[in-house]
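[1] Quick one, fold the following:
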Amino acid sequence: MGDNNVNLPPGFHFYPTDEELVVHFLHRKAALLPCHPDVIPDLDLYPYDPWDLDGKAMAEGNKWYFFSRKTPNRVTENGYWKPLGVDDPIYTNTSKKVGMKKNYVFYIGEAPTGAKTNWIMQEYRLSDGGSSSKSSSKRRGNQKVDYSKWVVCRVYEHNFDDDDDSTELSCLDEVFLSLDDMDEISLPN
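    A predicted model of the protein is given here:
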């Protein structure tokens, strides 16, 4: 898929909120309903390192999106995803809990001695009561398939420079600051 958002009309960008990822995409995927627009692919994440996602997952800017089956194995060829903190609940604008978000950071090497990278994964899952897999099973006959095991993931490389409290000047700032020195320069009349 890469940056070719062929399923999106020209001029549209894919910047979903946490709620939109859970309600409009993951819930529909778990319920076996079509997603419109159908732009997020199914991908078995764990054989891929995060820098290999381009062309395999839905890309928008520096973020990649994909559906995957929830699995305890988060090991890739060159590293592993380590969980960060506690799960965050996802609420609708009417304060209904619809899902959970878990953050992971990618480490290069083998656990537990790997080297931490800037790659972050946010894994979204439906809350316990948020899946409609029961109604999906009834619609499809007597199949006992658990569709609540789907997750949707957002992977990106975090720029820690954004969190830096030090001030970095742009070229334009430097030009304007250099104009303050103009009183030291004598201009021809």
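[2] Tell me where this structure has strands.
    Taking DSSP state E, the strands of the chain run over residues 58-60, 63-69, 79-91, 97-108, 115-126, 150-157.
[3] how about those strands, which one is nearest residue 19?
    Across the strands of the chain, residue 19 has its closest neighbour in strand 79-91 (5.9 Å, CB to CB). Where C-beta positions appear, they are placed from N, C-alpha and C, glycine not excepted.
[4] by contact count, what packs against that closest one?
    Applying 3 or more CB pairs under 8 Å, 6 or more residues apart in numbering; DSSP states H and E, one finds that strand 79-91 contacts helix 18-20, strand 97-108, strand 115-126.
[5] Adding mean pLDDT and mean neighbour count as columns, could you present the ones you listed in CSV?
    Converted to CSV, the helices and strands packed on strand 79-91 look like this (pLDDT from 0 to 100; neighbours: other CB atoms under 10 Å):
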stretch, mean pLDDT, mean neighbour count
helix 18-20, 95, 16
strand 97-108, 96, 19
strand 115-126, 96, 18
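[6] quick one: which of those is nearest residue 39?
    If we rank those by CB to CB, the stretch that ends up nearest is helix 18-20, at 12.3 Å.
[7] List of residues touching the closest one?
    90, 91, 92, 93, 98, 99, 101, 122, 124 (CB atoms under 8 Å, 6 or more residues apart in numbering).
[8] same thing but 7 Å
    With CB atoms under 7 Å, 6 or more residues apart in numbering as the test, helix 18-20 has contacts from 90, 92, 98, 101, 124.
[9] can the residues you listed go into TSV with extra columns for distance to residue 55?
    Formatted as TSV, the contacts of helix 18-20 follow (distance: CB to CB, whole Å):
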residue	distance to residue 55
90	28
92	33
98	31
101	25
124	22
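[10] where does the protein have its least confident helix or strand?
    Ranked by mean pLDDT, DSSP states H and E, the weakest helix or strand in the chain is helix 133-139, scoring a mean of 43.
[11] between the strands of the chain, which one is nearest to residue 35?
    strand 63-69 (9.2 Å).
[12] Mind checking the pLDDT average for the closest one?
    The predicted model assigns strand 63-69 a mean pLDDT of 94.
[13] what's in contact with that strand?
    With contact meaning CB under 7 Å, 6+ apart, strand 63-69 is reached by 29, 40-45, 53, 57-58, 149-156.
[14] Could you check the pLDDT of residue 57?
    With respect to pLDDT, residue 57 has a value of 90.
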